[in-house]
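1. A predicted structure for the sequence below; I have some questions about it.
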Amino acid sequence: MSKDLDEIRTHLKILDDADPQFHLRSAVASFLFMVMPIDGETHPKEFDRLCRILADEFEISDNETFKLIKHARENQLDDDGMTETAGILKAGFPKSELLILVSHMWEMVFADGVMHEAEVSLVERVAHLLDITPDEISRVMLT
């Protein structure tokens, strides 16, 4: 286990003690945040979409939304972190909520009007880590 991952866990533990839902919210924010810079730039429309998704899904204030985004930016996930974060989400949410998360990741991909191969690969990787099949994603996206 990497030192960075241990530091992230310690930081999450402190935040989780203050807000028991922070751990799950942070995991969602981390995956959504990852979509923005992966194509080499962060478009304002992507940031706006991220804010809207987090605020709407969790019914939280702008201040709480910005805290989640700040945490996601400061603690960007490596491969081990992605696997652990997927485990946290699978343990904390039913499959229906995980499908919504992946559909929100697709919203992030299309937020700037351009779909990049790196974004598609990331969403597919996260879906795989969450045990979500391409057929399940297609069904959710068509509804």
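-> That came in fine, so what should we check first?
2. surely residue 119 meets residue 38?
-> Yes. The pair residue 119 and residue 38 qualifies as a contact (CB atoms under 8 Å) at a distance of 5.6 Å. Bear in mind the C-beta positions are built from the backbone N, C-alpha and C, glycine included.
3. So which of those two has more stuff around it?
-> residue 119 (23 against 19; other CB atoms under 10 Å).
4. quick one: contacts for that one?
-> 35, 38, 39, 108, 109 (CB atoms under 8 Å, 6 or more residues apart in numbering).
5. Which residue is the nearest non-sequential neighbour of the last one?
-> In this case it means residue 109. residue 119 (4.4 Å; CB to CB, 6 or more residues apart in numbering).
6. Could you pull out the buried residues of the host helix or strand of the one you found?
-> Under the criterion DSSP states H and E, the helix or strand holding residue 119 is helix 117-129. For helix 117-129, burial by neighbour count (16 or more other CB atoms under 10 Å) applies to 119, 122, 123, 126, 127, 129.
7. mind checking the backbone torsions on the most centrally placed residue in the chain?
-> Geometric centre of the chain, nearest residue: residue 31, 2.2 Å, by CA atoms, centre = their mean. In terms of degrees, to the nearest 10, the main-chain angles of residue 31 are phi -70, psi -40.
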